[in-house]
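Trainee: sequence and predicted structure are below.
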Amino acid sequence: MGRELPRRASAVVIGGGVMGVSIAYELAAAGVRDVVLLDKGPLGSGSTCKAAGGVRAQFSDRVNIELAVRSLETFEHFAERFGQEIDLHRPGYLFLLDAPEAVAEFERNVAVQNDLGVPSRMISVREAAELSPLIATDGLLAAAFSPSDGHCTPESVVLGYAGAARRLGARLLPGCAATGIELADGAVTAVLTEGGRIETGTVICAAGAWSREVGAWAGVDLPVTPLRRQILVTEPVPDLPPTAFTIDFGTTFYFHREGPGLLLGMSDPDETPGFKLDRSDAWLPRLGEAMARRAPALMETGIATGWAGLYEVTPDHNALIGVAPGVERFLYATGFSGHGFLMGPAVGEVVRDLYLGREPFTDVSGFDARRFARSAARPELNIV
Ligand SMILES: NCCCC(=O)O
């Protein structure tokens, strides 16, 4: 590695995606000295930099809405706070709905969002077509829209947090894989890495799709499953009109503007769990079908590039955030199931407060990883 590993740390964060760097920054900004962050690869290279970059507050779960609203505030002021442009665009997020049950669900969600200050609203199909002129409206019943949502560049967010954390004294060590956790009498005593041992009394797991293994090192069950998701970016689209981040909720086909073209994605119900990072064509027929129906104007557009990343899926598609019981000082923030990037800023604040024994700004106790054993799953319904 060609660098000296710190022998001791007050806290070791495992995972250098948006969660890890945001946590490291918030701890360092709160005056915690000797914070160390480990990632087996470059910062953000696990899942964050593979994300679509959507930032939205349209969720069904109150806590997710609060985490997202708080994060949107940080994204809005990111350049002033961190000296890093993140290419934030806020054309709004548009959910296209073609089933009565989905319309009823979104009506309920919008009421909760409005209660928490989110300017979302149900809109007509005609208004949806004005906000996203490339869509075909056949079969649509209604849509939900929030003008304060949008998208930005995940790698820029990672860079901004990482630079700020380093300036405050945190040691960020990309390319240094954690390989184990040492415990003595039920307490964390060290993190083992491929470069040596770091004594510490606190481990924070922000390892995304790789979290189950990290938890197992400390005897903590983190039910996170890796699931491949793919994204394509089109060639430039001539005369591309202003376009909301558009999601065809029934099929999960989505797109948003990316430079002169569009970024496209969709879930593949046939995908199977695993650490698969290669691109596969198996999802293309289904994507083509959804596109032909909902955005036929794009069928002739060429594809410039694409990639595969990993969702970190939990059984109820909601995050795991908390302090593990039974092990002294093992904290975790993982399992965001496809909506982690947009919550990174707020989750950093929450984990900082859990570390310091303070009350976080929102009550994340329902995100405890033991909820499944207690039959207390809390499904997030607005998932893509
Ligand atoms: N998860 C990426 C697709 C967009 C979204 O969920 O907001």
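Mentor: It's in.
Trainee: neighbours of the residue found closest to Gln113 once you drop the neighbours it is linked to in the chain, how many?
Mentor: Nearest residue to Gln113, sequence neighbours excluded (Cβ to Cβ, 6 or more residues apart in numbering): Ser120, at 4.6 Å. The C-beta positions use only the backbone N, C-alpha and C, and glycine is treated the same way. Using other Cβ atoms under 10 Å, Ser120 has 26 neighbouring residues.
Trainee: okay, now the domains of this structure?
Mentor: As assigned by automatic domain parsing, the chain contains the domains 8-50+155-224+316-372, 93-147+225-313.
Trainee: quick one: those as CSV, columns for distance to the ligand and mean pLDDT too.
Mentor: Listed next are these as CSV, based on distance: least, Cβ to the nearest ligand atom, whole Å; pLDDT from 0 to 100:
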stretch, distance to the ligand, mean pLDDT
domain 8-50+155-224+316-372, 4, 98
domain 93-147+225-313, 5, 97
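Trainee: please enumerate the helices of the stretch 201-350 of the chain.
Mentor: 211-217, 284-294, 344-356 (DSSP state H, counting those that start in this stretch).
Trainee: surely the residue nearest to Gln113 and Phe145 touch.
Mentor: Yes. Taking Cβ atoms under 8 Å as the definition, Ser120 is a contact partner of Phe145 at 6.7 Å.
Trainee: list the contacts for the residue in the stretch 1-150 of the chain positioned nearest to the ligand?
Mentor: Using Cβ to the nearest ligand atom, the single residue of the stretch 1-150 of the chain nearest to the ligand is Gly54, 3.7 Å away. Residues near Gly54 by Cβ atoms under 8 Å, 6 or more residues apart in numbering: 93, 149-151, 245, 254, 256, 341-342.
Trainee: and Asp368, by the same measure?
Mentor: 320-322.
Trainee: not counting its neighbours along the chain, what's nearest Thr305?
Mentor: Val233 (5.0 Å).
Trainee: from Gly261, how far out is the one you found?
Mentor: 6 Å (Cβ to Cβ, to the nearest Å).
Trainee: try Glu182
Mentor: From Glu182 to Gly261 the distance is 49 Å (Cβ to Cβ).
Trainee: please apply the same query to Cys205.
Mentor: 36 Å.
Trainee: more crowded one of these two?
Mentor: Cys205 (32 against 21).
Trainee: let me see the contact set for the more buried one.
Mentor: So Cys205 contacts 14-15, 211, 214-215, 220, 222, 330-334 (Cβ under 8 Å, 6+ apart).
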